[in-house]
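[1] 3D, please:
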Amino acid sequence: MLRLLYRLMVQRAKQARARRHALRQSQARQKQPAVRARRSRKLVISTVIVVVLGFFVLVFHSHFEISTPTTDPNRAQMEIRLDSIKVAPVLIYLEQSYPPLTPVPENDDISQIIIEDNQFIPTFQIISPGSTIEIENRDDFLHNTHVIDGDDTVFNVATPLKSVTVRKIIKSTGMLTVRCDIHPFMHAWMFVPSNPFYELVREPKSIRWTNIAPGEYRLRIWEAGTFRQEISVTLAASKRKSVRVQ
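    Below is the predicted model:
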């Protein structure tokens, strides 16, 4: 009798353990979708956070690189404040007082001067040194194109026939005057920069240039076909020169 009672108790205990185990497995199976959903949400949120942080890091890095110019301690800086403009545009540029005697290398850039209705078109343009200028006469009568650097002739070519194009390579730098000796009222101008320190402006503003080689320069302000002002400046390494143009 005791053995029978003992076996019955053991059997009941095993059945209870089996029911508890089955219940735990059932609960675990019911929880798995919720757990997977929570894990998926966490993964999505983490991915979004990483992407957003990466975007802000990229924007900040790009802004930092653009807004912070690299400066060489052995170079100079210059700041120009232009207070007024009488006739726009105004060209401001820096020119070495004693330019190096190095030849201007040629390049593949091409610009044009069109002669039409007794006018040079365009009246003003900026072209790269060493580039080719193409001159085309669209009038039915004789013109010549005389390009002058100060008092020196850069070239002087006749354009006698309509639709004939003459090509010349520009190796002089600075502000060049274009005129027709046959028709003295015809004028145009070409600016050929010798360095990157120039700006064409249409309203008063402040200009800042960095990484300029120390030396003697002329700051030239050209407006309405004539030089409005010329300022001699000495630029020293690690120094900033401020100039106010009234």
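
[2] Can you tell me the element E106 falls in?
    For E106, there is no host helix or strand (DSSP states H and E).

[3] Surely it touches I169?
    Yes: the criterion here is CB atoms under 8 Å, and E106 meets it with I169 at 5.9 Å. From N, CA and C alone the C-beta is placed, and that goes for glycine too.

[4] Spit out the residues that contact these two alike.
    Contact criterion CB atoms under 8 Å, 6 or more residues apart in numbering; residues bridging E106 and I169 by contacting each: 130-131.

[5] Can you show me the helices along this protein?
    2-67 (DSSP state H).

[6] which non-adjacent residue is nearest R228?
    I221 (4.7 Å; CB to CB, 6 or more residues apart in numbering).

[7] Pairing partners for the one you found in the sheet, please.
    In this entry, I221 is beta-bridged to I92, Q229, by DSSP bridges.

[8] Hmm, Q229 and it touching each other?
    Yes: using CB under 8 Å, I221 is in contact with Q229, at 4.4 Å.

[9] Overlap of the contact sets of the two?
    Jointly contacting I221 and Q229 under the rule CB under 8 Å, 6+ apart are V245.

[10] So which of these two has more stuff around it?
    A count of neighbours by other CB atoms under 10 Å puts I221 above the other of I221 and Q229, at 19 against 13.

[11] What residues does that one make contact with?
    I221 neighbours (CB under 8 Å, 6+ apart): 82, 90-92, 227-231, 245.

[12] now do S111
    Contact analysis of S111 by CB under 8 Å, 6+ apart lists 125, 127, 131-134, 190.

[13] same thing but at 10 Å, please
    In this structure, S111 makes contact with 122, 125-128, 131-135, 170, 190, 192, judged by CB atoms under 10 Å, 6 or more residues apart in numbering.

[14] Kindly report the domain assignment for the chain.
    Listed by automatic domain parsing, the domain ranges of the chain are 1-68, 76-245.

[15] Pick the most buried one from those domains.
    Most buried of the domains of the chain by mean neighbour count (mean count of other CB atoms under 10 Å) is domain 76-245; its value is a mean of 15.

[16] That domain spans what distance, first to last residue?
    End-to-end distance of domain 76-245 (CA to CA, to the nearest Å): 19 Å.

[17] One more: stretch 75-89?
    Stretch 75-89 has its terminal residues 29 Å apart, counting by CA to CA.

[18] Renumber starting at 50 from here on
    I'll keep to 50 as the first residue from here, and by that count the last item is stretch 124-138.

[19] from the chain's centre, how far out does it sit?
    Put simply, stretch 124-138 sits 19 Å off its chain's centre (CA atoms, centre = their mean, to the nearest Å).

[20] average model confidence for it?
    Averaging pLDDT along stretch 124-138 gives 93.

[21] do the same with stretch 228-246
    Mean predicted confidence for stretch 228-246 is 95.

[22] before we move on, the earlier item: between the contacts of S160, which sits nearest H232?
    Lowest distance from H232 to these (CB to CB) belongs to I184, with 14.7 Å.
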